[in-house]
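> following is a predicted model, sequence given first.
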Amino acid sequence: MFKLIQKIDQSLAKAEQVLVVILTAGIASIMMSQVVMRYFFSAPIFWAEEISVQLLVFVTLFGLSLLVQRVQLVTIDFLPRALPGRARHALLAVLGLVMLCLLVFVAKLGWEWINRADVRLELGATTQLPRWYNFSALPLAFGVMAFHQFAAILRDLRAVTGVSK
């Protein structure tokens, strides 16, 4: 079961990385097209800024999820580094559990938020697309972050118990 969870974790990270690269390329393409259309043809793309901001939200949230998976978030880690191996992993598992609870809580709040009737009715200013599509990035990304955190906790618990891979 451990290997399956870790494999799913790695696969999710690869999919997120591809998604982030594609969305970043999309932002760059839209904004470059906007510059060309505005300054060379005097015909700006009216929806470019709104879509770019929405894509940037997705890139930011899924990029943050990748940082969780790679354990590259900014941390104050002088205490874990001072502890010996098993104690360090035990502390990291406890801290990871706190983080997991927070991620699940935010994902739940996000899910409740996008399911509210007033949020479902909100439309984008220029595209007239439902905004809940964009807002859905929050619970989705935090759900994936929670899975990455769960996989990290399992790795730490495995290191505490001394079970070899």
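Alright, I've got the coordinates.

> any idea of the mean pLDDT in the helix or strand hosting Ala141?
Take DSSP states H and E as the rule and Ala141 turns out to sit in helix 137-161. For helix 137-161, the mean per-residue pLDDT is 96.

> show me what that helix is packed against.
helix 2-41, helix 48-69, helix 85-114 (3 or more C-beta pairs under 8 Å, 6 or more residues apart in numbering; DSSP states H and E). C-beta: built from backbone N, CA, C; applies to glycine.

> quick one: that helix to helix 48-69, angle?
With axes from the mean of the first three to the mean of the last three C-alpha atoms, to 10 degrees applied, the angle from helix 137-161 to helix 48-69 works out at 10 degrees.

> got the angle between helix 137-161 and helix 2-41?
Angle, helix 137-161 to helix 2-41, by the same axes, to 10 degrees: 150 degrees.

> buried residues in helix 137-161, which are they?
Residues 137-160 are the ones in helix 137-161 that count as buried (16 or more other C-beta atoms under 10 Å).

> please apply the same query to stretch 79-95.
88-93, 95.

> contact partners of it?
Here stretch 79-95 makes contact (C-beta atoms under 8 Å, 6 or more residues apart in numbering) with 152-153, 156-157, 159-160, 162.
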